[in-house]
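A.B. asks: Sequence and predicted structure below; questions after.
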Amino acid sequence: MKSSIYELRISSLNEGFNLTPENLPALALAEYIDTLVKLLGGKKYSSSFTFDGLKQGSAILALKSDEYDGEIEKKSNYLDKLNDSLNRNGHKAELKKDNKIIYLFDGQPENKYVEVFQEASFYGQVIKIGGKDETIPLALKDNEGNIVNLTIKDKNLAKEISKYYLGQEIECKGQGILRKGKDHKWFPAPNKFTISSFEVMEDISVSEWIAQLQALPSNWKKETDPNKVCAEIRGNDN
């Protein structure tokens, strides 16, 4: 059986940003590979797919199979999962089989997100910063492994943040569009949330943090019966 080649040509939703294999985040790539294999092969043929390279032309992810030669299932949940993943990373894509387009992922949610404009803070390690556009893309990886995509317009601020690339975690503050996803969590809309300042997070252990918290001045330490005081504060609300 002739090998079938499937290619996912990935590009940025930001027309001013040129996505390449060199600036495509590794975590996003891993997520795309995992979802694409499940979309194409299902349980039966997933193990037959091998990585066939990451090529130029925006960023083209190529997979090959010597066993599977079918088409994608248009009702597959993995279509939505891949599209959601692309949207979360600010990407869109087209899927080709043997150089023929078989599906377009516009990177836009099938159901509109709830959106608000407000100030917010995001924490994490800097895993990507920089670009050729006027706006500078920034990606943080939070404690749960989620990728948070942000934007910087101040070049001096970007230079300061770049000092912490793959280093100590930072807190980024700014304002812009936040979206509420299907999991009811809020995340910044791609290219629509701008950072105005940042702070370096203290690199301390849990025991040190508890000690600092206990050291804060408080009148509760003087109370011999805290439960009685709480009951008096609540009054007759029971």
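C.D. replies: Received the coordinates, thanks. Numbering: from 1, shown residues only.
A.B. asks: From residue 26, how far off is residue 124?
C.D. replies: 15 Å (Cβ to Cβ, to the nearest Å). Where C-beta positions appear, they are placed from N, C-alpha and C, glycine not excepted.
A.B. asks: More neighbours: which of these two?
C.D. replies: Neighbour comparison, residue 124 and residue 26: the larger count goes to residue 124, with 22 against 9 (by other Cβ atoms under 10 Å).
A.B. asks: you'd agree that one is up against residue 169?
C.D. replies: Yes - Residue 124 is within contact range of residue 169, at 6.0 Å (criterion: Cβ atoms under 8 Å).
A.B. asks: Show the average pLDDT along stretch 27-34.
C.D. replies: The pLDDT scores in stretch 27-34 average 93.
A.B. asks: what's the answer for stretch 99-117, then?
C.D. replies: 74.
A.B. asks: now stretch 122-139
C.D. replies: Mean pLDDT, stretch 122-139: 86.
A.B. asks: From one end of it to the other, what's the distance?
C.D. replies: Taking Cα to Cα, to the nearest Å, stretch 122-139 runs 10 Å from one end to the other.
A.B. asks: And that stretch, what's buried?
C.D. replies: Going by neighbour count (16 or more other Cβ atoms under 10 Å), the buried part of stretch 122-139 is 122, 124-129, 131, 136-139.
A.B. asks: same thing with stretch 140-159?
C.D. replies: For stretch 140-159, using 16+ other Cβ under 10 Å, the buried residues are 140-141, 147-152, 157-158.
A.B. asks: before we move on, the earlier item: nearest to residue 164 among the buried residues of stretch 122-139?
C.D. replies: Closest approach to residue 164 among the buried residues of stretch 122-139 (Cβ to Cβ): residue 126, at 5.3 Å.
A.B. asks: quick one: the closest one and residue 167, what's the gap?
C.D. replies: For residue 126, the distance to residue 167 (Cβ to Cβ) stands at 7 Å.
A.B. asks: go on, residue 72?
C.D. replies: Remark: distance between residue 72 and residue 167 (Cβ to Cβ) = 41 Å.
A.B. asks: Looking at these two, which is more packed in?
C.D. replies: Counted by other Cβ under 10 Å, residue 72 and residue 167 do not tie: residue 72 has more neighbours, with 17 against 11.
A.B. asks: residues contacting the more buried one?
C.D. replies: By Cβ atoms under 8 Å, 6 or more residues apart in numbering, residue 72 lies in contact with 39-40, 79, 95, 102-103.
A.B. asks: out of these, which are buried?
C.D. replies: Using 16+ other Cβ under 10 Å, the buried ones in these are 39-40, 79, 95, 103.
A.B. asks: And the biggest helix by length in the chain, how far out from the chain middle?
C.D. replies: Longest helix in the chain, counting residues (DSSP state H): helix 26-45. With Cα atoms, centre = their mean, to the nearest Å as the basis, helix 26-45 stands 17 Å off its chain's centre.
A.B. asks: Tell me the helix or strand right after that helix.
C.D. replies: Next along the chain after helix 26-45, taking DSSP states H and E as the criterion, comes strand 49-56.
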